[in-house]
Structure formats: structure tokens, C-alpha cells
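Student: Sequence and computational prediction follow.
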Amino acid sequence: MFPYPQEIHQFPYPDYRFMPSESNERYRIPSQQRLTFVLVHGSWADAHFWDGVAAALFSQGHTVYTPEYAGHGKDPNKNVTHAMITKSVVDFITKLNLHNFILVGHSFGGTVIQKVAEQVPDRIKRLVFWDAFVLNDGESLADELPPQTRQGFEQLRAASKDDTIMLPFPLFRDLFVNTATFEEARWMYTSVIPEPARPLFEKLDLKVFYELSIPKGYVYFLQDNALPQGEGFGWNPHMSTRLGQFRLIVGDGDHFTDTRTRPEMVAQKIYEASRD
Amino acid sequence: MFPYPQEIHQFPYPDYRFMPSESNERYRIPSQQRLTFVLVHGSWADAHFWDGVAAALFSQGHTVYTPEYAGHGKDPNKNVTHAMITKSVVDFITKLNLHNFILVGHSFGGTVIQKVAEQVPDRIKRLVFWDAFVLNDGESLADELPPQTRQGFEQLRAASKDDTIMLPFPLFRDLFVNTATFEEARWMYTSVIPEPARPLFEKLDLKVFYELSIPKGYVYFLQDNALPQGEGFGWNPHMSTRLGQFRLIVGDGDHFTDTRTRPEMVAQKIYEASRD
Amino acid sequence: MFPYPQEIHQFPYPDYRFMPSESNERYRIPSQQRLTFVLVHGSWADAHFWDGVAAALFSQGHTVYTPEYAGHGKDPNKNVTHAMITKSVVDFITKLNLHNFILVGHSFGGTVIQKVAEQVPDRIKRLVFWDAFVLNDGESLADELPPQTRQGFEQLRAASKDDTIMLPFPLFRDLFVNTATFEEARWMYTSVIPEPARPLFEKLDLKVFYELSIPKGYVYFLQDNALPQGEGFGWNPHMSTRLGQFRLIVGDGDHFTDTRTRPEMVAQKIYEASRD
């Protein structure tokens, strides 16, 4: 019937039905859905990158795995390919026969979980990218770097004896741990070792990835400037929208620092992108 | 006189005149300017969308109206046009003879307050858009959707018997209530019913709107991903800058959740965009 | 060796080495690196713009200078050039023989510190831009304004008797102090006087600036809408990325208000962009 017969909706109206939520404190919600996480780190890091975040997730009742991959951690061999890195994670998952887990990738780890998802899609409950690369089919990570950064990486690569790239401290300090104190930055830099260069420059076939229907989440931190924010680059929306439908969660942090200074916050944001 | 004769401005200098503000607590300011609000909801919602926010504004001393419009709420007729929806709100305003009020639109409600403002401009003190569409002259809401979303809506529309679009839960969960718990998401989804499709696809004549000189505000929530953020889409700056001069207020929330979990925060942000 | 021999990284693992940071409270860190700051204000402001921020930095043990420049403060002469403004700051620095300081520019002050840095690069430890213009070589500030704003400024300039631009209160309220209460806005507006127009329209030779290797930081406030955010305009990333490598710090504030309402927050954000 038109015109629509109006009731007078002036507050307070008789059929008011607001029921306030009980979750006022948003970072220590007591009961969480129990999930299994497989956390995949990025470049210039090893599995210990996740130590604080893993502990925070574990303390909330989740099961947490932090696989190491080829060319990283205690592996002395730096001569690795992206396929070898992917195989490390796939082998980890199949060896432990993991199912129904949240596969999380950070930074370069985004490209790894893209390829892992192609190989073991049925085991994965949800893919979560945290300030992570989501490459187009046929792209390399290097294709997504600003020209100046890419050239810098190419020069560092050429200057190395073992086809690695060592991140200079000033770059690490400005782009990876910009919100840290100097002491925190120095301390975190002690974990940084030369990164195998080749996987960053390999173009990846991702046709299968873009056919997968696994649910996806993207965690974006507002102070993360490892990629310039916007104007053709950046984590969100430039990378994230490639996922098609995804759940966005935004936090206030940078690329590395909060894993050390506020791991509970990082864990909560990853959880928010992961839960049903 | 040049060169400018410098005083030595080293702190502390004698004519220091900083006077700190007394408003340290920013979300419970005791005395607010008393305003009248007319709150216009968006799609897949009815006037009860505003229950918590209306209560919060009312508790601060404001007068609050939440008009229902054609095709929504208790109206059984889904066969409505954008003009009928606009007429519902205009009739509400004229019937109650409201003047000097803040007209707030959320989401699709942005297109409604654009058209309402064309008809009763002299009654409106300020227009406030909260993560709301601001259409260009001649556009439809569907014109502003990413191609994939638009196609999805067109398919859902074609599949319905009464020219409506029902929002599937996975889409609602990822795009409208991404920060909610699963329980909150399920509970909020119980209010979602099929939305009349036609008003979303009607192209609107907005020439008059773009001649109006009513003051404007835009409230943008950082975790709102109902439209992809940036790169040709999104609430701010893509929609907001169409308003010309406007007052921007930014908050940390998503498209729907905070009306239930943090209505005082939503009310405060709307108030900040509305006050003189 | 490949395949990489996996340890089972399930948390808790034996070599867990997370060491939590002690800096939980992020805005009152007791011991800061002692720095010297030279703070350069922008348009429609004078050196007192910095009063609260200078006091906050001083209370943390820093040395703080707030130079006034030609055409501003107590200078009765409004007929100034950008070069005269730059000379004021350079003279201040050389007269006091300042070295190893952080040179901070806000808004129009960004263009000033670009030119000051060209003249005394060796004295500067770091350049910090806070929601400040970073002009390309050959640009004027006016070149970076949206067309509508630029036209408005040109009309205000043409209407003035002394080649100045007075910022109308509605524009100041919406674009510079959007988060303030009306009372705060009115009070801050009492400090606004006509701004010399010419420096805003002068095209600047910045070839030397773009050859400098001084470390740089950029502080961006999320509610700052003095320039529209994104889509070819705005502070970050549009201006900031012109700096090449820089340290990004993000805060929640607008263009002017927080200097009065939350100067400790502003000071902390500037410090975070400034420290080693």
C-alpha cells in the first residue's frame, strides 16, 4: 500500500528492542571459538617471528603451528625456489595430517599460502592474509614493489655472493618497524639475516588459486608502510581486493613491531579475520 | 620590514599561552548542543537499525526520529520505487512539521537523503552521511558497486519471485558485520529480510541536490568494507568528496556491527559530524 | 638440503624465545632520546600554534624552538615571498647556530622546511612532515589544491586589499578543526588572521631538495581532511611518497585541533617520527 502508513517513530518508541552486547572489552574476550592455526612468516624472518602471537593464540585455547620453510631458520641452504618453500609448508601439513585449519600468511608469506592453497585446498578452513602479498596470476613479488625499492633490491642482490638480499638497518627501521623504539628496532634487527632473492623475483602461476572458493580474510595495519599506502601500491585495498569477497579487519600497527610489543593485539586481529 | 626581526622562540618563552582543553574523555562529554536528528536507515534494515544509536542520542538530550519507509519494516509491499521511499521520509517530515534537524543517512539511506534534501531543503540544518552512498547526477546505486558485486546482485534479483534481493549470510558476515563475533553476526542476520531491488538500480536525477548549500558531514568507519576501500570505490574519499566542502569524522567500526555493540560510539561520531 | 627437514613447530616449542616489551603504555614512555626540535608552523597560524606541543616535548626533556617567520606573528608586513619566509627560518637557525636538530613542518610549513633544508642541509638531523605539503620541483602549494578550493582561494585573494587570504570560519571549522567542539573551534579561530597569499601561489625550485639524503619522517592524522584524502590529493600517501624512503607514523587527529586538546599525543607522534 502506498503511501506507506507511517507510525510516528520518535524515540523512545514502544517497540524499542535494542539489546546491548556484553562484549565491551574487545581485546580479552574470554571464550573464543577453538581454531587451529598454521602461521607462515615472510621474508627476513623465521618461524620465531610468530613466537609472541603463537603464545597469545595458544593461551586462548587455539592449536598453533609455525612451520619453517626452505632457505630459512636453521636451513643453511639459501639456494631455494618458491616451489621449494611451498613444498616445505605442504609437507608440514601433510606429514602432520592437518585439516580444517586457518592458514595465515604475513608479507611474502601471502605468496606462499597462495601456492599452498592450490595444493591442499580441501584441508584449509580459511585463508588469512596479514599485510601480505596477494599476487596476480603470472606476477612476482618484485613486480609489486615501487620501482625505487625494486632497483634497490636488485642492486643488493647483485652485490651478494649467494644470491641473497640483506635488508639494511635504515630500511628495516623505516619500513618494517617504524613505530618501534630504537632499542626495539635494534633488537628485532638481530633476527634479520640475508633473504634468498630468487623466490622474490619468480613469476608465479596462480590460475588455480583464483579458482578456489576457500573463505578469505585480510588483516590490515594502518601504520604498515612496508609498501606505500595507496595510489597503485599497498596492502589494502590494492592487494586485498584481489581476493574477491573477503573479510577485512583493520588494526593499528606496523609490519613487524607489534609481534613483539603487542602480540595479544595481533593475535586478536588474526582471530577476528579467522573465526566463523 | 624584512628581514623579519626574530625573537628567540625557545620554549619556555615568556608569552606562552597554551590553555589545555578540559575534554580529555572524548566519548562522554557531559553537555552537548541539543539537536534534532532524523535517522534514515539503508538496505537490508528497518528503522530498528537505529535503536541503540537513537537511545544513545536521546540520553544525551537530543530529539530523535527514525522514519520507516516504503518497502521496509511492516510494509508488506515490496514493489516500491526510490521516489516512494523518498516520499515516505518527506511525508514523515512534513506531517510532523519538523524543522532545523540533522538528516542522517546510512548506506543506501545516503541516496534517500539526497532526494529528500531536494524536496525540503529549508527544513534541514545539516546533512550527515554515514558510510553512505553519495550518487552523482544520473547514477544508480548499482553503478557504484564493483562489477562482481553488481553481477551477484543481478543474479539474486533475477532468481527472486518478487523482484527483491536477499543478502546471503556469508556476504552479510564478511561485508556488513566483519568485526562481529559469529553469535552477533547470526543475531543481526535475523533482522535481514529481502530488499526491494528496483530502487538500487534506478538512476536518480540529482541536479537539484548539487545546487543545495546545506552544510554537510561525512562519518567514515575504517573497518567498513561493504564497498572496497579506495581505487575507484569506497566511502571515503570516493563518495565523500562529491559533497564538495564537508566535515569529515573518522571512527573505528564496520558497516552494521557497532550499532549493536557500541551504539554510544556511533552516536558520538554522528554528533561530531552534526554539531555547529 | 632439500626437502627441508622439518622440526615440528607446534606451540609451545622448546626454543620459544619471545620476550615481551615493557612498553605497554605507549603515550607516556618515561625515558626518551633527547632531541632538539625546530617546529615550523603553517598558514593561518603563528609560532603559538606550537605552544602545547612545545610544552609537551619540553617536559620530555627535549630542546624546542618555534621560529616565527616573515608575514606572520607580530610582523605587520604581509607583502612577503616564500624566499623571505625561508630566510626567516634559516636566519633563526644560523643566528642560534643550531645543529643536529629535527626540522618539523606542518601544512604549508612543509614547503618551508623543503627550502630551508636546501640551504642548511648539514645542520639537520631529520626532516619531519606533519600533514604537510611536499611539493614537486616547480610546483606551488596552490597546484596541489582541489580545483574548487583553489578557485575559492583565488577569489578571496582578489577580494583582499593587501594580497592576503582570510579563511572563512565555515571552511576553518570543516577542514581544519573538524573534530573540535564548536567552542574549541571558535576559540581557535580567534588566532586566525589573513594569510599572505603570494607564497601559496609561488612555484618553487626544489631540485636541490630532491638530491638531499637527510632522513625523513611523515606524521599522518586520519581525521585530517584539510586536503581531500586520496584519489590524487591528500597528505598520505599522495604527499608522503614523494619523500622516497621515509618513516610513517599514523595518528588519530585532524589538522589543528589536537595541538590544543591533545598536545601530548601530537608531541609523541612527532617524537616517534623523529627518534633514531
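Tutor: Happy to help now that I have it. Nothing here was measured: the structure is a model prediction, and the numbers come from that model.
Student: List the contacts of the residue in the stretch 101-250 of chain A that chain B sits nearest to.
Tutor: The nearest approach of the stretch 101-250 of chain A to chain B comes at residue A:248, 3.8 Å away (CB to the nearest CB). Any C-beta I mention is one placed from the backbone N, CA and C, and that applies to glycine too. Contact partners of residue A:248, counting by CB atoms under 8 Å, 6 or more residues apart in numbering or on different chains, are A:217, A:218, A:220, A:236, A:240, B:178, B:223, B:225, B:229.
Student: I'd like these laid out as JSON lines, including pLDDT.
Tutor: Formatted as JSON lines, the entries for those read as follows, by pLDDT from 0 to 100:
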{"residue": "A:217", "pLDDT": "98"}
{"residue": "A:218", "pLDDT": "98"}
{"residue": "A:220", "pLDDT": "98"}
{"residue": "A:236", "pLDDT": "96"}
{"residue": "A:240", "pLDDT": "97"}
{"residue": "B:178", "pLDDT": "98"}
{"residue": "B:223", "pLDDT": "98"}
{"residue": "B:225", "pLDDT": "97"}
{"residue": "B:229", "pLDDT": "91"}
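Student: and stretch A:53-72, how far apart are its ends?
Tutor: Length of stretch A:53-72, first residue to last, CA to CA, to the nearest Å: 19 Å.
Student: same thing with stretch A:232-243?
Tutor: Distance across stretch A:232-243, first residue to last, is 16 Å (CA to CA).
Student: And the contacts of the helix or strand hosting residue A:268?
Tutor: For residue A:268, the enclosing helix or strand under DSSP states H and E is helix A:263-274. Contacts with helix A:263-274, where a contact means CB under 8 Å, 6+ apart, come from A:26-28, A:32, A:35, A:37, A:51-53, A:55-57, A:60, A:62, A:102, A:104, A:126, A:128, A:130, A:217-219, A:221, A:247, A:249, A:251, A:253, A:258-259, B:179, C:18, C:20.
Student: are any of those residues buried, and which?
Tutor: Neighbour-count burial (16 or more other CB atoms under 10 Å in any protein chain shown) applied to those gives A:32, A:35, A:37, A:51-53, A:55-57, A:60, A:62, A:102, A:104, A:126, A:128, A:130, A:217-219, A:221, A:247, A:249, A:251, A:253, A:258-259, B:179.
Student: Just the ones in strands from those, please.
Tutor: When DSSP state E defines the strands, the subset of these inside them is A:37, A:102, A:104, A:126, A:128, A:130, A:217-219, A:221, A:247, A:249, A:251.
Student: out of those, what pair is the most spread apart?
Tutor: Taking CB to CB as the measure, these span a maximum distance of 19.2 Å, between A:126 and A:221.
Student: Report the buried residues of stretch A:174-183.
Tutor: Neighbour counts over stretch A:174-183 (16+ other CB under 10 Å) mark A:174, A:175, A:176, A:177, A:178, A:179, A:180, A:181 as buried.
Student: near chain C at all, the helix or strand hosting residue A:112?
Tutor: Applying DSSP H and E as the criterion places residue A:112 in helix A:109-119. No: on the criterion CB under 8 Å from any CB of the partner chain, helix A:109-119 is out of touch with chain C, staying 13.0 Å away.
Student: of all of the stretch 1-150 of chain A, which residue lies closest to chain C?
Tutor: Nearest to chain C in the stretch 1-150 of chain A, going by CB to the nearest CB, is residue A:51, at a distance of 3.7 Å.
Student: How far does stretch A:176-184 sit from its chain's centre?
Tutor: The gap between the average C-alpha position of stretch A:176-184 and the chain average comes to 19 Å, counting by CA atoms, centre = their mean, to the nearest Å.
Student: correction: stretch A:88-108
Tutor: Average the C-alpha atoms of stretch A:88-108, do the same for its chain, and the two points are 14 Å apart (CA atoms, centre = their mean).
Student: Report the contact partners of residue A:106.
Tutor: Residue A:106 is in contact with A:39, A:40, A:41, A:42, A:45, A:49, A:130, A:131, A:132, counting by CB under 8 Å, 6+ apart.
Student: Likewise for residue A:112?
Tutor: By CB under 8 Å, 6+ apart, the neighbours of residue A:112 are A:40, A:69, A:82, A:85, A:86, A:89, A:105.
Student: where do the strands sit along the stretch 51-200 of chain A?
Tutor: Using DSSP state E, counting those that start in this stretch, the strands assigned to the stretch 51-200 of chain A run over residues A:63-65, A:101-106, A:124-130, A:164-165, A:195-196.
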